[in-house]
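Enquirer: Can you look at this prediction? I've put the sequence above it.
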Amino acid sequence: MGTGPTTSERRQALADALQGVAGGDRDALRQVYDATSAKLFGTVLRIVGDRDVAQDLLQDIYLKVWRRAGRFDAAIASPITWLCVIARNTAIDHTRRAAGPIGAVGTLPEVADDAPRADEFLCTEEDHEALRRCMEELQPDQRRSIRLAFFDGLTHSQLAERVGVPLGTMKSWIRRGLHGLKGCLDG
């Protein structure tokens, strides 16, 4: 009995399909969709919490993939990571728009950082076990806050309200937790 394709073979097939999408190949887009729609739907549904909204957003995500496939660079991220980032950001943008403006108090300046984004790492299948192990090493408040922020797409303000702590405390927990994760994953 033969085995299915390996992780690296699936990754390469998906990267090849994305290259085809960049060239305008609709069949390649179908391949990308067939290989990734369940995972991306799950990612979006976890953030927005509504199946109908998640299905609508999934269509938007694949339109973005169609338009942006030429930007994918396999030297920077795996294909599923790249797709998960698009899905996650689309879902979070929708959630934040639905919540309405947060005003100047909740707005933070953009800070340049050329390190890999945490959400890119969180979507990578191969790194799941390392992430699980490192998450378990965090303080419980940090671990819970990071899970809610990254997997449920909550803002710092929403997290602080849900957990019942001051906003500054929440930001500190997340900052310290991400610093701990980075140290653990780099080591």
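Expert: Alright, I've got the coordinates. Numbering: from 1, shown residues only.
Enquirer: Count the neighbours of Thr36 for me.
Expert: When neighbours are defined as other CB atoms under 10 Å, Thr36 has 22 of them. For glycine as for every other residue, the C-beta is placed from the backbone atoms N, C-alpha and C.
Enquirer: Sorry, slip of the keys, the one I care about is Gln19.
Expert: Residues near Gln19, counting by other CB under 10 Å: 16.
Enquirer: show me what contacts it?
Expert: Ala28, Ala69, Phe72 (CB atoms under 8 Å, 6 or more residues apart in numbering).
Enquirer: Most neighbours among those, which one?
Expert: Highest neighbour count within the contacts of Gln19, by other CB under 10 Å: Ala69, with 22 neighbours.
Enquirer: Give me the three-state assignment for that one.
Expert: Secondary structure assignment for Ala69 (DSSP: H, G, I helix; E, B strand; the rest coil): helix.
Enquirer: Same question for Arg147.
Expert: Quick answer, by three-state DSSP: Arg147 is helix.
Enquirer: For the contacts of Gln19, give me TSV that also has pLDDT and distance to Val21.
Expert: TSV is the format used below for these (pLDDT from 0 to 100; distance: CB to CB, whole Å):
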residue	pLDDT	distance to Val21
Ala28	95	5
Ala69	93	4
Phe72	89	8
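Enquirer: Just say helix, strand or coil for Gly24.
Expert: Per three-state DSSP, Gly24 ends up coil.
Enquirer: Repeat that for Arg30.
Expert: Under three-state DSSP, Arg30 comes out as helix.
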